[in-house]
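# requesting a structural model of the entry that follows:
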Amino acid sequence: MPATTLQTLFIRELSDMLCAEQQLATVLPRMARAAGNPVLVQTFRAQERQARLQLERIVSIAVAEQLHLDAGQPTAMEGWLEQGQELIEGTDQGPVLDAGLVCAAHKVVHYKIASWGTLCALAAQLGYRTALELLSDSLAEEKDDDRKLTVLAKANNPRPEDPKRATQFRLAELADCR
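Below you'll find the predicted structure:
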């Protein structure tokens with residue numbers, strides 16, 4: 001759908017997120033199974049639950065604002081998910097795969113932050129109060145995920161002088177951040 005008005009842009013972007021969250025809800029369990037780090041496994045499982053909640057929010061927005069959404073294929077998300085699948089298939093389980101999975105998840109989270117942020121701005125301008133509230137919740141969740149993934153990225157890049165201790169310390173630090 002070409003975006004000729006702010007409303008059609010909002011519908012297009014919300015439709016994109018509908019498809020993205022549907023894809024994530026199916027891919028995140030695979031990422032959790034591939035991860036070796038128990039904290040990373042828990043993170044991916046939590047992100048799967050969050051993706052399903054965000055799907056429910058999108059449906060609620062469509063109903064509240066009487067919008068017809070078209071869940072096409074978001075090209076950017078498809079590319080990142082394909083990269084993640086190639087990583088899983090081509091890398092032995094362990095710290096290198098975990099670091100790659102964190103990187104892949106971080107890319108997706110940044111995409112979602114940009115999308116939810118834009119949708120919040122559009123909802124505010126269009127006067128979609130219910131949508132703005134629900135979209136703001138999704139944006140806040142993604143910003144929290146960004147912070148958690150940053151901590152995990154540091155935990156998967158231990159100091160060479162004492163990698164085991166550094167990894168344990170940083171994982172404990174993550175547990176305190178929740």
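
# going forward, measure contacts between C-alpha atoms and count neighbours the same way
OK.

# any chance you could map the helices in the protein?
Ranges of helices in the chain, per DSSP state H, are 6-34, 38-65, 75-90, 95-126, 129-155, 163-177.

# so what pLDDT did the one residue sitting closest to the centre of the chain get?
Note on the chain: the residue nearest the mean C-alpha position is Val109, at 3.8 Å, using CA atoms, centre = their mean. pLDDT recorded at Val109 is 95.

# could you do the one 10 residues further on as well?
The predicted structure scores Leu119 at 98 on the pLDDT scale.

# in space, what's closest to it - neighbours in sequence excluded?
Phe10 (6.4 Å; CA to CA, 6 or more residues apart in numbering).

# distance-wise, check the closest residue in space to Glu48 that isn't next to it in sequence relative to Ala114.
Nearest residue to Glu48 in three dimensions, chain neighbours excluded: Ala25, at 5.2 Å (CA to CA, 6+ apart). Between Ala25 and Ala114 the computed distance is 19 Å (CA to CA, to the nearest Å).

# and for Arg30?
25 Å.

# quick check: pLDDT value at Arg159.
So, for Arg159, pLDDT stands at 54.

# same check on the one 4 residues further on?
Among the per-residue scores, Pro163 holds a pLDDT of 53.

# cool, the one 3 residues further on as well?
Listed pLDDT for Ala166 reads 40.

# Ile11 now?
For Ile11, the model assigns a pLDDT of 95.

# touching, it and Ala71? I think so.
No - at 10.3 Å, Ile11 does not count as touching Ala71 under the criterion of CA atoms under 8 Å.

# between the two, who's got more neighbours?
Ile11 (21 against 15; other CA atoms under 10 Å).

# not counting sequence-adjacent ones, nearest residue to the more buried one?
Leu69 (6.3 Å).

# again with Gln7
Nearest non-adjacent residue to Gln7 (CA to CA, 6+ apart): Leu126, at 7.2 Å.

# okay, now the one you found: neighbour count?
Leu126: 14 neighbours (other CA under 10 Å).

# what about it, distance to Phe10?
Leu126 is 9 Å from Phe10, by CA to CA.

# before I go, just wanted to say thanks for your time.
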